[in-house]
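K.L.:
coords please:
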Amino acid sequence: MPTTLQRALRHVFYDDWTVRRRFPRHTLEAIDREITDNERRHSGEIVFAVESSLRLRELRETEGPRDRAIDVFSLLRVWDTEQNNGVLIYVLLADRRVEIVADRGIHRRVGAQAWETICGLMQQEFRAGRFHEGAIIGVQAASDLLATHYPWTEGDTNELANAPVIIRR
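P.N.:
Residues are numbered from 1 along each chain as shown. Alright, predicted model coming up:
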């Protein structure tokens, strides 16, 4: 576990360039396509968000990546789906963490362990420098769970944008 000073320094030095290096345009486009293609299998909504780091004020006010992910879930209105089946995949690069926040409908059916497993798979790929592959694995795994519990039905509409969200400092 990093010290508070080590964590703060990472947050100071990770910037938007860090995001562009780990998630270049072709990777962001691939994530968008993956979400779009997979949402044809289920009625859920997946939002993929990446943040390089937090401002020092946010670091003091936020207990950790999970709390920030919950804030982002709310800010991006992932909770605002007809069937309460929105899923946020949140990457905080400075903390080297992936968090998944699922709306109450899908979370009730799947449980925390399934989401934690997906986060672990993604983090394993990210540690190896395979950000493209890790992101795709995460979207596919979340989609598999959504397809099992919320299969696509006639008239299903896309309620949230599919393009990955880059949260700027």
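K.L.:
Lowest-scoring secondary structure element of this protein by mean pLDDT?
P.N.:
Sorting the helices and strands of the chain by mean pLDDT, DSSP states H and E puts helix 56-61 at the bottom, at a mean of 80.
K.L.:
Which other helices and strands does that one contact?
P.N.:
Here helix 56-61 touches helix 4-13, going by 3 or more C-beta pairs under 8 Å, 6 or more residues apart in numbering; DSSP states H and E. C-beta here means a position set from N, CA and C on the backbone, and glycine is covered the same way.
K.L.:
Identify each buried residue in the helix it packs on, please.
P.N.:
The neighbour-count check on helix 4-13 (16 or more other C-beta atoms under 10 Å) flags 7-8, 10-11 as buried.
K.L.:
low-confidence ranges in the chain?
P.N.:
Applying pLDDT under 70 to the chain flags residues 1-3.
K.L.:
which stretches of it form strands?
P.N.:
For the chain, strands defined by DSSP state E occupy the ranges 45-51, 86-92, 97-102, 165-167.
K.L.:
highest average neighbour count across these?
P.N.:
strand 86-92 (a mean of 27; mean count of other C-beta atoms under 10 Å).
K.L.:
Specify the angle between that strand and helix 4-13 in degrees.
P.N.:
On the basis of axes from the mean of the first three to the mean of the last three C-alpha atoms, to 10 degrees, strand 86-92 is oriented at 100 degrees to helix 4-13.
K.L.:
Strand 86-92 - contacts with which helices or strands?
P.N.:
Judged by 3+ C-beta pairs under 8 Å, 6+ apart, the packing partners of strand 86-92 are strand 45-51, helix 65-75, strand 97-102, helix 112-127, helix 131-149.
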